[in-house]
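Novice: pasted the sequence and its predicted model underneath.
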Amino acid sequence: MLDDINLPLILLAALLATGSPGPATLNIAGTAMTSGRRHALAMASGVSTGSLMWSTAAAFGLGAVMLANAWVFEAMRYFGAGYLIFLAVKSAKSALTPGDLATRGGAYSSVKHAYASGLALHLTNPKAILFFGSLYAVGVPAQASPLTLLTIIGAVAVQSTLVFHGYALLFSSAPAVRVYLRLRRWFEGAFALAFGYAGFRILTARLG
C-alpha cells in the first residue's frame, strides 16, 4: 500500500527532470563521444549515485535541514558553479585546438575518475536538492510510511539510472561518434557555452 501516493505522476516529474538537457546529461553525452562508452557509463553511474543520495536525503528530511542552514547550501552552490565553469573552460580549450583529436581518452585517467566526476557534478548541483526537496514535499504526504518512501526512492532510482545510462549508450554509438569527430570543435564550443551558462545561472539565481 503506497499511502495513496500517485507514483506514476512522481515518476513522470522525475523523468522530465532527469531526461531534459542539463549539466549531467550534457557531460554524459560529451564523455560518451570523446572518451568512449566505458567512461560514459561510469560517469552515468556516478550521476545516478548522486541522484539516489539526494533522493534519499530529501525523502527522510535531510534536504530540508540543508536548506535551513543557508551556509551549507551556499557552499555547495559555489562548488557546483565552479565545477561547471571548470568544465566550460576545458571544453573551450578543446574547441580552440585545431586538428582532429579523434577521442579524448585522456580526459579521465580511469573509469573511477569518470565515476567520481559524475558523482561530484550531481552532489554539487543545487537544483538537484531543490528538485528532490520539492518532489517529496509536494508529492508525498508527511505521514508517508518508511516502506512508501523506500518504494518511491527505489522507483525513481531505477528510472534515473535507465535514463542516464541510456544517454551514455546513445551518444557512444558509432553514428554519434562519427558526427562528433566531424564537428568536434562545434560540439566543444556548444558544451563550453552550455556549461558556462549553467554555472552563471547557479551563481546569480535566487535559490532561497
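Specialist: Looks like it arrived, so ask away.

Novice: next helix or strand past the helix or strand bottoming out on mean pLDDT in the chain?
Specialist: For the chain, using mean pLDDT, DSSP states H and E, the weakest element among its helices and strands is helix 62-68, scoring a mean of 61. Note on helix 62-68: by DSSP states H and E, the next helix or strand toward the C-terminus is helix 70-95.

Novice: what's that next one packed up against?
Specialist: Here helix 70-95 touches helix 23-35, helix 62-68, helix 111-123, helix 126-139, helix 184-204, going by 3 or more Cβ pairs under 8 Å, 6 or more residues apart in numbering; DSSP states H and E. In this view, the C-beta of every residue, glycine as well, is placed from N, C-alpha and C.

Novice: can you give me the angle the first one makes with helix 111-123?
Specialist: If I follow you right, that is helix 23-35. 160 degrees (axes from the mean of the first three to the mean of the last three Cα atoms, to 10 degrees).

Novice: contact partners of helix 23-35?
Specialist: By Cβ atoms under 8 Å, 6 or more residues apart in numbering, the surrounding residues in contact with helix 23-35 are 18-19, 39-40, 43-44, 47, 84, 87, 91, 103-105, 107-108, 114, 117-118, 121-122, 125, 164, 167-172, 176-177, 180, 187, 191, 194-195, 198.
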